[in-house]
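Q: I need the structure of the sequence given here:
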Amino acid sequence: MQGFASVLAGMPFAALLIGPDERIHAANDAAREMLGKGIEGRHFLTALRQPDVLEAVEQTQRDHQARRTTYQTSESGRDSVFQVHVAHVDAGAAARGVLVVFEDLTEREQAAQMRRDFVANVSHELRTPLTALMGFIETLQGPARHDEVAIDRFLGIMAREAARMERLVHDLLSLSRVEGEERIRPREPVDLSGVIGTVMTMLRPLARERGCSIHFRAAEGFVVPGNADQLQQVFTNLVENAIKYGGTENRVDITLESHARDATLRMPAIVVSVRDRGPGIDPLHIPRLTERFYRVDTHRSREMGGTGLGLAIVKHIVNRHRGRLRIASEPGQGSTFAVILPRWSE
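A: Sure thing, here's the model as predicted:
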């Protein structure tokens, strides 16, 4: 039995052996952690408990056929899912009985659930403008066929809904591309002052339309290893959000700081901060802001043309650059989005 215990110890999953006397003869550390340190010597009925697992063990004891079933636990607010492999073992005096192995599928199940949620969210986001378009087309083909005023108004709404779908598709493709490249670290030198200057030029018409002033003092020497186009995408998103959601004071401040050793990255770094004077964000929302399709105010975000994917794209680009995104905000105090990036070194 000592030799078989060594075999169990080398397994990557929780595993135990139930002997002919229906007691647990051996278990590895993972099984003890999952089922309790004192499981060896106990009857398997008191250790396993879940009916599907017990039934699989009992059937294998009778007919010696291998089986699979599932085992679910919920501890400390965390749900875990295991695929349980049950097989008859007969190694003579070394080991005899039923081997039970628990393969942890939790991360795989979570990934599958995330994919299902993502598809459901995309379907919902596309269905809403499509439904509006179909409704207006039906109206234009019928009651409003000869109503010039209605035609102009409906065509304007249809154009906005079509543009909304176009933005969503663009962001979905962008997110997919960024996720695919996340493990490949970009290494070209990028001047952040130049990137932010380009962003300000692009967003100046929007800022003028919203009556917003953007304050930034360009400086030399703020260079990071990166991809200029992707970093421009990051700061375009952050500055555009600050303009759109910046509240009545209508001021956005962009600052650059160089740190000899950043506490977060533990290396020389450059911090780009984008601060607005808006209504702020409840701290409860902050951990979820970079989730796909998560919005603090769904109606307002859609009115502003948001797809719910912008900050998710920002997060993945920053991760690709081996940086960090830090968000600080309180209701009534505005918000600061800080991007921390490793500093360029020769």
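Q: Show me which residues of the helix or strand containing Arg167 are buried.
A: For Arg167, the host element (DSSP states H and E) is helix 148-181. By 16 or more other Cβ atoms under 10 Å, the buried positions in helix 148-181 come out as 154, 158, 161, 164-165, 168, 171-172, 174-175, 178. Every C-beta, even on glycine, is put in place using the N, C-alpha and C of the backbone.
Q: pLDDT for the residues you listed - can I get that in a markdown table?
A: Shown next, in a markdown table, are the buried residues of helix 148-181 (pLDDT from 0 to 100):
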| residue | pLDDT |
| --- | --- |
| Phe154 | 86 |
| Met158 | 87 |
| Glu161 | 83 |
| Arg164 | 82 |
| Met165 | 85 |
| Leu168 | 84 |
| Asp171 | 84 |
| Leu172 | 86 |
| Ser174 | 86 |
| Leu175 | 86 |
| Val178 | 87 |
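Q: Closest to Arg208 out of these?
A: Arg164 (23.0 Å; Cβ to Cβ).
Q: And the closest one, how close does it get to Ile340?
A: The spacing between Arg164 and Ile340, counted by Cβ to Cβ, to the nearest Å, is 32 Å.
Q: now swap in Arg210 and tell me
A: 28 Å.
Q: quick one, which of these two is more surrounded?
A: Higher neighbour count among Arg210 and Ile340: Ile340, with 22 against 14, using other Cβ atoms under 10 Å.
Q: what residues are up against the nearest residue to that one once chain neighbours are set aside?
A: Nearest residue to Ile340, sequence neighbours excluded (Cβ to Cβ, 6 or more residues apart in numbering): Arg324, at 4.6 Å. Contact analysis of Arg324 by Cβ atoms under 8 Å, 6 or more residues apart in numbering lists 264-265, 318, 339-340.
Q: Write the PyMOL selection for whichever of those are buried.
A: Buried residues among these (16+ other Cβ under 10 Å), as a PyMOL selection:
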select buried, resi 265+318+339+340
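Q: Among the contacts of Arg324, which ones are in strands?
A: Mapping the contacts of Arg324 onto strands (DSSP state E) picks out 339-340.
Q: and the least confident of the contacts of Arg324?
A: pLDDT is lowest at Thr264 among those; the value there is 86.
Q: Would you quantify the distance from that residue to Arg322?
A: 11 Å.
Q: Then Arg177?
A: Distance from Arg177 to Arg322, by Cβ to Cβ: 18 Å.
Q: Give me the most central residue, this structure.
A: Glu291 (4.9 Å; Cα atoms, centre = their mean).
Q: isn't it right next to Gly310, touching?
A: No. Contact criterion Cβ atoms under 8 Å: Glu291 and Gly310 do not qualify, at 11.6 Å.
Q: By residue count, what's the longest helix in the protein?
A: In the chain, taking DSSP state H as the definition, the longest helix is helix 106-141.
Q: Walking through the stretch 1-150 of the chain, point out its helices one by one.
A: Assigned by DSSP state H, counting those that start in this stretch, the helices in the stretch 1-150 of the chain fall at 2-9, 29-35, 44-48, 51-63, 106-141, 148-181.
Q: quick revisit: what is the nearest of the contacts of Arg324 to Val272?
A: For the contacts of Arg324, the nearest to Val272 is Val339 (4.8 Å; Cβ to Cβ).
Q: contacting residues around that closest one?
A: Counting by Cβ under 8 Å, 6+ apart, Val339 touches 234-235, 238, 271-273, 314, 318, 323-326.
Q: Which PyMOL command selects the buried ones in those?
A: Here is the PyMOL command that picks out the buried ones among these, judged by 16+ other Cβ under 10 Å:
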select buried, resi 234+235+238+271+272+273+314+318+323+324+325
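Q: how about Val314, secondary structure?
A: Following DSSP: H, G, I helix; E, B strand; the rest coil, the label given to Val314 is helix.
Q: residue contacts, Ser176?
A: So Ser176 contacts nothing (Cβ under 8 Å, 6+ apart).
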